[in-house]
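Undergrad: next comes the sequence, and after it the predicted model I'd like to discuss.
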Protein chains: 2
Amino acid sequence: MARPRPLSGFPEWLPAGRAVERHVLGVLSRVFALHGFTEIETRAVEPLDQLLRKGETSKEVYVLRRLQEAGAAGQGGSLDAKTLGLHFDLTVPLARYVLENAGHLEFPFKRYQCQKVWRGERPQDGRFREFLQADLDVIGLGDLPFHYEVELPLAMAEALHALGIGQFRVSVNNRKLVQGFGASLGVEDMEAPLRWLDKLDKIGPAAVRSGFEGEGLSAAQADAFLRLAEIATDDADHLTHAVTSLAAEVGAGGALLDEGLAELAALLVAGGAQLPGALRANLKIARGLDYYTGSVYETVWLGQESLGSVCSGGRYDSLAQEGSQTYPGVGLSIGVTRLVSRVLALKLLEPSRISPAAVVVAVVDEASRPESDRIAAVLRSRGIPAETAPTAAKFGKQIRYAANRGIPYVWFPASSADTAMGGAGQVRDIRASQQVEADPAVWTPPLTDLAIAVGPPKDPPRD
Amino acid sequence: MARPRPLSGFPEWLPAGRAVERHVLGVLSRVFALHGFTEIETRAVEPLDQLLRKGETSKEVYVLRRLQEAGAAGQGGSLDAKTLGLHFDLTVPLARYVLENAGHLEFPFKRYQCQKVWRGERPQDGRFREFLQADLDVIGLGDLPFHYEVELPLAMAEALHALGIGQFRVSVNNRKLVQGFGASLGVEDMEAPLRWLDKLDKIGPAAVRSGFEGEGLSAAQADAFLRLAEIATDDADHLTHAVTSLAAEVGAGGALLDEGLAELAALLVAGGAQLPGALRANLKIARGLDYYTGSVYETVWLGQESLGSVCSGGRYDSLAQEGSQTYPGVGLSIGVTRLVSRVLALKLLEPSRISPAAVVVAVVDEASRPESDRIAAVLRSRGIPAETAPTAAKFGKQIRYAANRGIPYVWFPASSADTAMGGAGQVRDIRASQQVEADPAVWTPPLTDLAIAVGPPKDPPRD
């Protein structure tokens, strides 16, 4: 067959890139677990009707067909209740999982989930058709205290900072605040205004203003929303003052606005105490999705603003519902593939080597391969990753096999004559070209050589 | 919405089951890495024409359609060169990945890969439509020494035994031996005979014999194959004697048979030296797939034979090919979901708890939640997973929150009066009902309490 070419929108990494992605997933998982979140996985498919409940992304769903059903003519059957689609996020599956298993879960249910999702949208920089998400959510049974709206973005910010690739800032807003502000100004249906606000950074205030007016808002209402959207601060007192002044000036107010403002201020206070600089109120953050009912979050990677939000989410009072039982939730989702693709493009992290082996045991000749295998097995039994060289080539070539993979040590077995005289072989650190007598039953490399380590490049790019 | 019901063939686990699955994947990955295999992931989709190259499973492929393309009438478009399907194994993607990236990989390329695959076959016990596979392969550039046919099944056997759930035996055969045996008896095309041999355990020798005869084999040829299939031993000398005697008796022989026999005997010798009892020659093992060209492997979990082979594979001289460049390989694949579903059904492994938290910090009242958060943060900064209690309920209820999740410790913050007097709070081991004064900056639980541990149940089922 001819050499295959990559499929646009379906990224894959070479071993070095995958090592970086594993590192990112490992760091995120470690922080999530430190905070007491339990990991689950859900199946990749959901019934199509469930996927279509969340309107906005539905056009991007990939529908599945068994080839047999697709038929010889290649025509798919009709879409029906049994049609399955690939999940496009991890929130719809979580809601379904919680309902399906409610009787077997402990609430509040704190879970994290790192899986691939699929969206058939047009691939472009930072947008993929298959990508990894890492989601952190807590789901309550009937109620869910506000303090989780503080805990979740802070745990996420801690996880992102633990990656060691730069600073992240979570922009926060509160849907009650914006909704209360609008309602008191006579704007009943906030869905369209929120959608326009969400575009503010992309299209600018003038275009948003005409969008507002196209939705039937008065010039005064549009003006009030645009002034609200200008408020951005990490100081709770400043936030309270700015919002109350504006509200007084434009004639907004009411219990919902007050409640949202108090929550947003409390979020800034707790954030400032626990992770200074991580959170910032930004009242233009709207999040298009209409099911958010409290805090909403977006996260920028400082210096990489062109990526857009790398971690978003919010509070929803009814993630799932069965009869009169509701399951409120709050959560955020990291676009891991988007993050990793930028990390790789900028070479911000790299693995110390591409093979997990720490030692290549050289082979003197094929007849003595069993002796080399034995040495490798002794090393492995002590937790030292070791493999035997592929061929009994010249030692220079066997050393090159290790060097090409970044494997730091090559073990030279003693000849059988040496062994008879108690000789134990030699191990060579090929980075330092240092070689010492050693016994596989006791020799121990530095801990840092035991596994692939991922960190900033040793020779950072100059530009 | 109504309570959703599970989808047949798409298994999901509750948190405790997922902890077991993670443990299984972790143990397998650790052993694979110890042996120097590099982990990669491939995308979930391949072009349909690539998936269909491997005839046997093609009818089970899930084809993807973007909902938009599927059209309002719900009719799928025709199948064409751009049609994508979900991969049904990890071998087809590996072959494509190797060809696509050959210039960037180091050969021999030793890789492992643990991912979901999809097959639209009828769900039944141990058969799923979405399931995890763990694959171990080595791919050479042009050639690949025989010793990898020894290394791979032994590494797999070591990984399976490391799970601590019982004994596994890898049954091995050699395609050259069987092919040489057949050719020297005048059977040119071995595909059909191999397919019948593969069914021997299921349908018995009489049915296989009539199958053979239906394919045009003579009674003598059928008889010779059935006698060959009876040979099973873990002793190399016994194997050699049994095969040579039979060959002499039925008039079989030749270089190919000799080569296959020598390889199979060498495999038993090396296996006996490195992992006694793990390998057994079993000449009825055929493996239906016609691309195997050397060793073939099947693995039974002793005592769980009804599961069928939990880990299979073999040697293929041309896993991939581009022009005159071939990429021979040898590898095996574990059906992880099949294994885990049995482990869970038999309760062979269970997690020590379902939350990764080691400590719940109690909340005296909501006003002092920040102090509880601070204690939890100090513990986490020292690597101790800790979360703050969901509400300032009575301490009995907060202890129950921990107990329901198996979290071993509850921390009671000192009252502010105590703190002013230097009091440091108390930590309670709720398993032992023991409570001691403690400082979050120095208190350290036993290492075994730090993370979820997975092992045999403490109270094994009696039956």
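TA: Arrived safely, thanks for sending.

Undergrad: got a list of what A:Asn327 touches?
TA: Let me fix one detail, which is that residue A:327 is Tyr and not Asn. A:95, A:98-99, A:102, A:139-142, A:318-321 (C-beta atoms under 8 Å, 6 or more residues apart in numbering or on different chains). Yep, even glycine has a C-beta here, placed from its N, CA and C like the rest.

Undergrad: and the two most separated of these?
TA: A:Ala95 and A:Gly142 (15.2 Å; C-beta to C-beta).

Undergrad: so for these two, which residue has more residues nearby?
TA: More crowded of A:Ala95 and A:Gly142, by other C-beta atoms under 10 Å in any protein chain shown: A:Ala95, with 25 against 10.

Undergrad: which SS state does that one fall under?
TA: helix (DSSP: H, G, I helix; E, B strand; the rest coil).

Undergrad: any low-confidence regions in chain A?
TA: For chain A, applying pLDDT under 70 flags the ranges A:1, A:54-59, A:70-78, A:288-290, A:416-423, A:460-463.

Undergrad: give me the domain ranges for it.
TA: Domain assignment for chain A by automatic domain parsing gives A:15-350, A:356-455.

Undergrad: now the terminal residues of the longest one, how far apart.
TA: In other words, domain A:15-350. Domain A:15-350 has an end-to-end distance of 11 Å (criterion: C-alpha to C-alpha, to the nearest Å).

Undergrad: roughly how far is that domain from the heart of the chain?
TA: 12 Å (C-alpha atoms, centre = their mean, to the nearest Å).

Undergrad: OK, now which residue of the stretch 101-250 of chain A is nearest to chain B?
TA: A:Gly120 (3.7 Å; C-beta to the nearest C-beta).

Undergrad: confirm that that residue sits in a strand.
TA: No - counting by three-state DSSP, A:Gly120 falls outside a strand, being coil.

Undergrad: can you pull out the helices in the stretch 101-250 of chain A?
TA: A:147-162, A:175-184, A:191-197, A:200-214, A:219-229, A:236-250 (DSSP state H, counting those that start in this stretch).

Undergrad: only whichever of the contacts of A:Tyr327 are buried, select them in ChimeraX.
TA: This is how ChimeraX selects the buried members of those, with burial counted by 16 or more other C-beta atoms under 10 Å in any protein chain shown:
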select /A:95,98,99,102,139,140,141,319,320
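
Undergrad: chain B next: which of the contacts of A:Tyr327 are close?
TA: For chain B, the contacts drawn from these by C-beta under 8 Å from any C-beta of the partner chain are A:99, A:102, A:320-321.

Undergrad: got these as TSV, with distance to A:Val243 columns?
TA: TSV is the format used below for the ones next to chain B among the contacts of A:Tyr327 (distance: C-beta to C-beta, whole Å):
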residue	distance to A:Val243
A:Leu99	37
A:Ala102	38
A:Ala320	32
A:Gln321	32
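
Undergrad: which one of these sits closest to chain B?
TA: After measuring the ones next to chain B among the contacts of A:Tyr327 against chain B - C-beta to the nearest C-beta - the closest member comes out as A:Leu99, at 5.6 Å.

Undergrad: for that closest one, give me phi and psi.
TA: With angles defined as degrees, to the nearest 10, A:Leu99 sits at phi -60, psi -40.

Undergrad: surely it touches A:Ala320?
TA: Yes - between A:Leu99 and A:Ala320 a contact is recorded at 5.0 Å, counting by C-beta atoms under 8 Å.

Undergrad: return the residues of the stretch 101-250 of chain A in contact with chain B.
TA: A:101-102, A:104-106, A:108, A:110-111, A:116, A:118, A:120, A:130, A:145, A:147, A:151.

Undergrad: now those residues: which count as buried?
TA: Buried, going by 16+ other C-beta under 10 Å: A:101-102, A:105, A:108, A:110-111, A:116, A:118, A:120, A:130, A:145, A:147, A:151, out of these.

Undergrad: from the residues you listed, which is closest to B:Ala159?
TA: Once C-beta to C-beta is applied, the member of these that ends up nearest B:Ala159 is A:Lys116, at 24.2 Å.

Undergrad: go ahead and confirm the closest one touches A:Arg129.
TA: No - taking contacts as C-beta under 8 Å, A:Lys116 lies outside contact range of A:Arg129: 10.5 Å.

Undergrad: which residue is the nearest non-sequential neighbour of A:Ala220?
TA: Sequence neighbours aside, A:Val250 is the residue nearest to A:Ala220 in space, at 7.3 Å (criterion: C-beta to C-beta, 6 or more residues apart in numbering or on different chains).
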